[in-house]
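build me a structure from this.
(chains A, B, C, D, E and F)
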Number of protein chains: 4
Amino acid sequence: MTKKGNARERILETAGRLFYENGYCGVGVNQIIEEAGTAKATFYQHFPSKEDLCVTWLDSMHEGSEGARAAILKSPEEPVEKIDQYFTDLERFLEERQFRGCPFTNTSSITEACCEPIRKKIEEHKISIRDFFRDLARQFTATDSRAKEIGDEFFLLYSGATMEAQNLRAIWPVRAARRAARERCEQEQQK
Amino acid sequence: MTKKGNARERILETAGRLFYENGYCGVGVNQIIEEAGTAKATFYQHFPSKEDLCVTWLDSMHEGSEGARAAILKSPEEPVEKIDQYFTDLERFLEERQFRGCPFTNTSSITEACCEPIRKKIEEHKISIRDFFRDLARQFTATDSRAKEIGDEFFLLYSGATMEAQNLRAIWPVRAARRAARERCEQEQQK
Amino acid sequence: MTKKGNARERILETAGRLFYENGYCGVGVNQIIEEAGTAKATFYQHFPSKEDLCVTWLDSMHEGSEGARAAILKSPEEPVEKIDQYFTDLERFLEERQFRGCPFTNTSSITEACCEPIRKKIEEHKISIRDFFRDLARQFTATDSRAKEIGDEFFLLYSGATMEAQNLRAIWPVRAARRAARERCEQEQQK
Amino acid sequence: MTKKGNARERILETAGRLFYENGYCGVGVNQIIEEAGTAKATFYQHFPSKEDLCVTWLDSMHEGSEGARAAILKSPEEPVEKIDQYFTDLERFLEERQFRGCPFTNTSSITEACCEPIRKKIEEHKISIRDFFRDLARQFTATDSRAKEIGDEFFLLYSGATMEAQNLRAIWPVRAARRAARERCEQEQQK
DNA sequence: CATGAATGAGGGTTCATTCAT
DNA sequence: GATGAATGAACCCTCATTCAT
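Reported below is the predicted structural model:
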């Protein structure tokens, strides 16, 4: 049993997987600690509550995804290629996870029950993605206000694609979003 | 207390409201029957299970919304006006309900736990909306394959707008979706 | 739907079958009325309670079995043949019903919950069987007191055989009982 | 209230008493935990289910009774005395418990609902008793095959006596069984 | 730093029975 | 003579959390 000292990590990792697969409501603390191989009290020593654990998980998810977006922004590729890359990455991500959608959005849907600390993380994450798309649009639009319009549009295409891929258990929404975003990018550049 | 014969209706109405406000997982049968003012056994006389009740609720939601979409399609207005109307209606809908998003999508986020009968209703509903947008696009595009592209794009804009209005508790995503859809419509008509 | 007027009979028949197959506790009033094709209130019009229905069922079972025993007693066969016939009938009965034992005994095992009216029927039935065996023993024993001893012994063999065929889901206990009873009969006659 | 560590024991003890008095179906988990003075979750921490608790209870009953039978087999007494002792013990057991019969048999009568793990325990117990009687018979019969016949006969006498003492709420069936068994033993020894 | 026994509140579901019609 | 909607109590079980050790 070489599970000393890293109990916290094991819990976080296990919970993340389970939350994503079954949803926040679909996972019990018992299941988490059992699969993580820790004791009940150990869990509560590291996380004040299940909710706190969820916040921590979303936090770590957010940080991971932000790096990927920053890398795309900085890459020397053409804008249209960056767009392509983003949506192709999304396609792979969703397929690998069997169309289970966005962890943040899924958690959001527990609406009222899902209280402030969690809501705040979700907002942070989504605004960060929207800003990524705005930044990306700045790389091929004429004015800043136009960049905001196009960026917001891409943001909605991304969000809709992720959600409907989940709802319909199909990949076509992501491909439709990529196609639309590429077309728009090309249109802007022709102006 | 003359609560004769309408117990079923009271349960369905109450459950619909609670499911929408708190999510399927966030509402218990106990709460439903208490607010509906019926006994537990009365609940189970009308609905085989909580899951079944949810399906019935989604069904009724679907029927209501389908009528509205059919009316828009048939109206004599210009396409761009129809688009405007759809997203303006959506805006009002979400504002009135304090940005709680789409009942179907919210229910979908219970992922695995949310089993087939419910998943099927969600798919039906979403495909019906996508087809609405494709039909709408046919009214202003040159070819059928182009109508599908534009329709799917509108579908994603609608879905993203609804979801992000919920995530961010803000109305701007819906407005951004409307603006983008209008622009696209005008572009197509100019060709 | 030719189910007019014989609702009572249908309920009784259905309940009998279900009680025997699943035990008194394992059958609900809902199941009975559903399989009998009657309404709830119709049930309670014919039987004041589930318990009363059970008493009625046991009553009818008792009457049926008593005739068979009387026939054996009166038949012109040799005693040893009568014993053989009784246990062979029992063997067939249990095999046909997949070793579900004695309806009376099974009902008795609900002990305390099983209240007086039912208990009384069970006692009546069992005493009637014991008396049958005593009468049978009188046909081949020298004295009346000996007949009682042998009759009681047969009664216990029969009861044990029925019960253990059920417990062990096997037929051998009935065959062992028959063998023992025959042997005893022959011993008595040799004296 | 210092009820530490012994919750499991209290539950098992209470449940055993209640199962025996009222039958498996006649006792609810609520009643058990109330009389045991524990919380519901405590119950389920110790026993996966009510059914599982029943199996554990039957197990402990079995072990207790097996010791008693082994002691009789090993004792230096005459066979006829051993028989006498067994049935006299049974008489006391049943009288002390107000003729509530055999815990195993009573549980068996829930027929279909009573599923495999429980059925298996019942079979084990009954076969163990039958084997005891066969072993006992070996101590006074000439051949092994004869021992099996006589052993099985005693087994049925014991079973019938226990059951009918319960059905009739009387002690005479046990006494009749003892008498018959003793007689048979003496007959065998005279050969 | 880690443990496992204990908890109160609530989960969804079924029970035998009664009521107005 | 028959109906079906309505009931309160009880069913078995799981939840997130806390406690003494």
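
flag the shaky bits of chain A, pLDDT-wise.
Counting by pLDDT under 70, chain A shows low-confidence ranges at A:1-5, A:111-114.

domain assignment for it?
The record assigns chain A these domain ranges, following automatic domain parsing: A:1-47, A:49-190.

just those: most buried one?
domain A:49-190 (a mean of 19; mean count of other CB atoms under 10 Å in any protein chain shown). Just so you know, the C-beta spots here come from the backbone N, C-alpha and C atoms, and that holds for glycine as well.

off-centre distance for it?
7 Å (CA atoms, centre = their mean, to the nearest Å).

still on that earlier bit, nearest to B:C102, of the domains of chain A?
domain A:49-190 (8.6 Å; CB to CB).

report whether that closest one contacts DNA strand E.
No: residues of domain A:49-190 contacting DNA strand E under CB under 7 Å from any atom of the strand: none, with a closest distance of 10.8 Å.

check the separation of the first and last residues in that domain.
End-to-end span of domain A:49-190 (CA to CA, to the nearest Å): 54 Å.

contacting residues around A:F47?
For A:F47, the contact set (CB atoms under 8 Å, 6 or more residues apart in numbering or on different chains) comprises A:I11, A:L53, A:T56.

got those residues as a markdown table, with secondary structure and distance to chain B columns?
Converted to a markdown table, the contacts of A:F47 look like this (DSSP: H, G, I helix; E, B strand; the rest coil; distance: CB to the nearest CB, whole Å):
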| residue | secondary structure | distance to chain B |
| --- | --- | --- |
| A:I11 | helix | 21 |
| A:L53 | helix | 17 |
| A:T56 | helix | 19 |
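
from what I see, A:F154 and A:F87 are in contact.
No: using CB atoms under 8 Å as the test, A:F154 is too far from A:F87 to be in contact (9.4 Å).

which neighbours do the two have in common?
Joint contacts of A:F154 and A:F87 (CB under 8 Å, 6+ apart) are A:A181.

JSON lines please, covering the domains of chain A and showing distance to C:S60.
Converted to JSON lines, these look like this (distance: least, CB to CB, whole Å):
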{"stretch": "domain A:1-47", "distance to C:S60": "51"}
{"stretch": "domain A:49-190", "distance to C:S60": "56"}
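
which stretches in chain A count as helices?
A:7-22, A:29-36, A:40-46, A:50-74, A:79-96, A:103-108, A:116-138, A:144-168, A:172-190 (DSSP state H).

give me the contact list for the last one.
Contact with helix A:172-190 is made by A:79-80, A:83-84, A:87-88, A:90-91, A:94, A:137, A:140-142, A:146, A:150, A:153-154, A:157-158, A:160-165, B:149, B:152-153, B:155-156, B:187, as judged by CB under 8 Å, 6+ apart.

my guess is A:Y24 meets A:V55, correct?
No: with contact defined as CB under 8 Å, A:Y24 does not count as touching A:V55 (10.9 Å).

around DNA strand F, pick out the residues from chain A.
So chain A meets DNA strand F at A:V27, A:G28, A:V29, A:N30, A:Q31, A:K40, A:A41, A:Y44, A:S49, A:K50, A:E51 (CB under 7 Å from any atom of the strand).

and these, which is closest to chain B?
Lowest distance from chain B to these (CB to the nearest CB) belongs to A:V27, with 9.4 Å.

can you pull the contacts of the closest one?
A:A15, A:L18, A:F19.

quick one: distance of stretch A:29-49 to the chain centre.
With CA atoms, centre = their mean, you get 25 Å for stretch A:29-49.

against B:L157, how distant is A:G160?
Per CB to CB, to the nearest Å, A:G160 is found 6 Å from B:L157.

repeat for A:L12
From A:L12 across to B:L157, the span is 35 Å (CB to CB).

where does chain A get nearest to DNA strand E, which residue?
A:A41 (2.6 Å; CB to the nearest atom of the strand).

so how far is A:I32 from that residue?
13 Å.

go on, A:K126?
A:K126 is 26 Å from A:I32, by CB to CB.

again, but for A:A176
With CB to CB as the criterion, A:A176 and A:I32 are 37 Å apart.

give me phi/psi at A:G37?
phi 70, psi 30 (degrees, to the nearest 10).

sorry, that was for A:G101
Torsion angles, degrees, to the nearest 10, at A:G101: phi 70, psi -160.

touching, it and A:M163? I think so.
Yes: with contact defined as CB under 8 Å, A:G101 reaches A:M163; the gap is 6.2 Å.

can you pull the contacts of the residue nearest the centre of chain A?
By CA atoms, centre = their mean, chain A has its centre lying nearest to A:C102, at 5.0 Å. A:C102 sits next to A:S159, A:T162, A:M163, A:Q166 when contact means CB under 8 Å, 6+ apart.
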